[in-house]
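Peer 1: How does the following fold in three dimensions:
(chains A and B)
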Protein chains: 2
Amino acid sequence: MLASSILRRQKFLVRSLGVSHNPVRMDQKAEIRFAALGTDAESVIRKITPTYDPNRYKGQAGKIAVIGGCREYTGAPYFASISALKIGADLSHVFCTKDAATVIKSYSPELIVHPVLEESYSVREDEKASVCQKVLTEVTKWMERFDCLVVGPGLGRDPFLLGCVTEIMKNARQSNIPIVIDGDGLFLITENLDLVRGYPLAALTPNVNEYKRLVQKVLDCEVDDHDRYAQLFSLAQRIGGVTILRKGMCDLISDGETVEMVSNFGSPRRCGGQGDILSGSVAVFSSWARQQRSITTKHSNDSPQNPMVLGCIAGSTLLRKAASLAFKDKKRATLTTDIIECLGRR
Amino acid sequence: MLASSILRRQKFLVRSLGVSHNPVRMDQKAEIRFAALGTDAESVIRKITPTYDPNRYKGQAGKIAVIGGCREYTGAPYFASISALKIGADLSHVFCTKDAATVIKSYSPELIVHPVLEESYSVREDEKASVCQKVLTEVTKWMERFDCLVVGPGLGRDPFLLGCVTEIMKNARQSNIPIVIDGDGLFLITENLDLVRGYPLAALTPNVNEYKRLVQKVLDCEVDDHDRYAQLFSLAQRIGGVTILRKGMCDLISDGETVEMVSNFGSPRRCGGQGDILSGSVAVFSSWARQQRSITTKHSNDSPQNPMVLGCIAGSTLLRKAASLAFKDKKRATLTTDIIECLGRR
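Peer 2: Got it, this is the predicted structure:
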């Protein structure tokens, strides 16, 4: 067990992406190849972002759908979906409950909001199966059009709603649609790992607590920060090669093949909603990386291939840059909306 | 058939309107008279825009109504109706479903929003005839006041709602009100061409897919890009002289008499909603062109007469200019709202 753990640690690469390009300081015990990228983190964004082409038509730069938004939460799905548009997607949909839809629509006319989800309080016991089927039909008729789903922002934990979302995720996976999972979507998959196990087009974006629950559930141990690269690597491997972006002071990203680190300076402000910007961003960037996979392969001797990993690197890097620009301007008064306004700034 | 096709192609004019005034490159087979306008595209806007006159009162610069907005879509009718105001109309109405009305009202206090349409889910089978009659009464009591209708932005495809809109269109046509048709309005008329056949005050503004469906339905063939001017010309003729604005990298406009091309540079951003700006713009400009028809006739040896064609040229030109200004400022983060903000800029 110990030997295989060391072997595993020896196998993986840790890349440091940041303005400073500081090499990652590693536990002395671990013999880990450190491969500094020849380019900085922002070059990943440049590499995967499609070039402008006047021949392209609406939809070709990305169609994203956020599954989330319930009676309690409306801001999170808005932040995720509007961020996708600000980064450069052409169309951004939200699938949420009726209560949430009116509010999310009123935040912005740019979003297409479908009031199709239901929570337990609005469904009788004997109707549940038929309502779930109806929800699934409503969502799946759109499914093939999407380049990526974001499951979780403002989803809540209503058991009936999560049951429907489980079916939506199974359907997306059958259709080979990438899925970024955050917030209560992580609660859902932590309870039912088979939803994502072995699906290379899944990206999980846990914060401290969500990561802790994942580690406990999958590795049956506590988070070990002295061994954090190896632990993340093992976690991604054990879920069958899904991509995990562990959010923190530095963001760590692994798909069980390499470990990447994004450490460029962001902002000390921790206002709620930044995770939603990240999930929307990862969705767009990983869609672009998937589109450009052929180009990527040509240049990629020293950079990762996995579009979900590239999407996580780009999303993390852009959020940090936007947060830093917003903080420079608004300081402690910085809100998530201010950061979104900076997503397009140089 | 071949001879008549060549004859048809010989008959029509292709005019190129653009900053660069490049002549249209034509298929060598086709012998087409090329008539470059003596003015550039922006001069069409100047020619049809009414001069300021302190004697004029509210409403004289245009009263526009958008028919659209349902449970699913609220952004599109907002974009169309607010664009009409930003271009210079005095009053902009929206006729939509109850669900959509609250949201559209909340986007802007500038709009007059009528919650009068109904979708199948809210109407019992035995009520349908009376509800449809009620909807028609509610809309037609306003009809005579409008200078132009825009049918389609965010209309959706609910069969009952489309049935009511069919009646509204028949009524508008009886009252000689111009109608700009976009989005799901095009779905409606493609299924029922008699709604617009032979109506010279109809303008259709199809995108790639909507154009494809129209060509298949009317000409019973596929879109032929090598022969696109002649095909558009035939299509407009076959629907009895309606004006068609085929959206694309260059916008092509025909009423079965001439083919016009607007090719000034816009923006490579294809975010959803730009088509709605266009439909609102065409509505205002064609109303103005209709008002000024007597003036137009005096100057117009080398320019088209049809107010719907002039409206399409002006709408297309202004949208491209606004999109280019917005893109210059916001780059890839440009949203439709940013373009609307630039509609009034020089």
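Peer 1: out of everything not next to it in sequence, what's closest to the residue in chain A positioned nearest to chain B?
Peer 2: Minimum separation of chain A from chain B (C-beta to the nearest C-beta) falls at A:Gly344, amounting to 2.3 Å. C-beta: built from backbone N, CA, C; applies to glycine. Spatially, and ignoring its direct neighbours in sequence, A:Gly344 is nearest to B:Ala333 (2.3 Å; C-beta to C-beta, 6 or more residues apart in numbering or on different chains).
Peer 1: Enumerate every residue touching that neighbour.
Peer 2: A:Lys86, A:Ile87, A:Gly88, A:Leu343, A:Gly344, A:Arg345 (C-beta atoms under 8 Å, 6 or more residues apart in numbering or on different chains).
Peer 1: Can you tell me the element the residue of chain A closest to chain B falls in?
Peer 2: Here A:Gly344 sits in a region with no helix or strand, counting by DSSP states H and E.
Peer 1: mind listing what it touches?
Peer 2: A:Lys86, A:Ile87, B:Lys330, B:Lys331, B:Arg332, B:Ala333, B:Thr334.
Peer 1: Could you say which helix or strand holds the closest residue to the second one other than its chain neighbours?
Peer 2: Distance criterion C-beta to C-beta, 6+ apart; nearest residue to A:Ile87, sequence neighbours excluded, is A:Val284 at 4.7 Å. Element membership for A:Val284, per DSSP H and E: helix A:274-291.
Peer 1: chain center to that helix: distance?
Peer 2: Counting by C-alpha atoms, centre = their mean, to the nearest Å, helix A:274-291 is centred 6 Å from the centre of its parent chain.
Peer 1: Kindly export that helix (C-alpha atoms) in PDB.
Peer 2: Below are the C-alpha coordinates for helix A:274-291, written out as PDB (Å, rounded to 0.1, in the frame of the first residue of the first chain):
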ATOM      1  CA  GLN A 274     -17.000  33.500  -7.000                       C
ATOM      2  CA  GLY A 275     -17.300  29.700  -7.200                       C
ATOM      3  CA  ASP A 276     -20.300  30.200  -9.600                       C
ATOM      4  CA  ILE A 277     -18.200  32.500 -11.900                       C
ATOM      5  CA  LEU A 278     -15.600  29.700 -11.900                       C
ATOM      6  CA  SER A 279     -18.000  26.900 -12.800                       C
ATOM      7  CA  GLY A 280     -19.500  28.900 -15.700                       C
ATOM      8  CA  SER A 281     -16.000  29.800 -16.900                       C
ATOM      9  CA  VAL A 282     -14.700  26.200 -16.700                       C
ATOM     10  CA  ALA A 283     -17.700  25.200 -18.800                       C
ATOM     11  CA  VAL A 284     -16.900  27.600 -21.600                       C
ATOM     12  CA  PHE A 285     -13.200  27.100 -21.600                       C
ATOM     13  CA  SER A 286     -13.400  23.300 -21.500                       C
ATOM     14  CA  SER A 287     -15.900  23.400 -24.500                       C
ATOM     15  CA  TRP A 288     -13.400  25.600 -26.400                       C
ATOM     16  CA  ALA A 289     -10.500  23.200 -25.500                       C
ATOM     17  CA  ARG A 290     -12.600  20.300 -26.700                       C
ATOM     18  CA  GLN A 291     -13.300  22.000 -30.000                       C
END
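Peer 1: Rounded mean pLDDT for it, please.
Peer 2: For helix A:274-291, the mean per-residue pLDDT is 97.
Peer 1: Contacts (any at all) between chain B and the longest helix seen in chain A?
Peer 2: Among the segments of chain A that qualify as a helix by DSSP state H, the longest is helix A:307-330. No: with C-beta under 8 Å from any C-beta of the partner chain as the criterion, chain B is not reached by helix A:307-330; the gap is at least 10.1 Å.
Peer 1: my read: A:Gly156 touches A:Pro77, true?
Peer 2: No: the pair A:Gly156 / A:Pro77 is not scored as a contact, 10.8 Å apart, by C-beta atoms under 8 Å.
Peer 1: Of these two, which one has the most company?
Peer 2: A:Pro77 (32 against 22; other C-beta atoms under 10 Å in any protein chain shown).
Peer 1: Output the contacting helices and strands for the helix or strand harbouring the more buried one.
Peer 2: Assigned by DSSP H and E, A:Pro77 belongs to helix A:75-87. Of the remaining helices and strands, those touching helix A:75-87 by 3 or more C-beta pairs under 8 Å, 6 or more residues apart in numbering or on different chains; DSSP states H and E are strand A:63-67, strand A:91-97, helix A:98-107, strand A:148-151, helix A:274-291, helix A:336-341.
Peer 1: any chance of these in JSON lines, with distance to B:Arg238 too?
Peer 2: Shown next, in JSON lines, are the helices and strands packed on helix A:75-87 (distance: least, C-beta to C-beta, whole Å):
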{"stretch": "strand A:63-67", "distance to B:Arg238": "33"}
{"stretch": "strand A:91-97", "distance to B:Arg238": "32"}
{"stretch": "helix A:98-107", "distance to B:Arg238": "39"}
{"stretch": "strand A:148-151", "distance to B:Arg238": "41"}
{"stretch": "helix A:274-291", "distance to B:Arg238": "38"}
{"stretch": "helix A:336-341", "distance to B:Arg238": "48"}
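Peer 1: Tell me which of the ones you listed sits most buried.
Peer 2: Mean neighbours per residue, mean count of other C-beta atoms under 10 Å in any protein chain shown, is largest over the helices and strands packed on helix A:75-87 for strand A:148-151, with a mean of 31.
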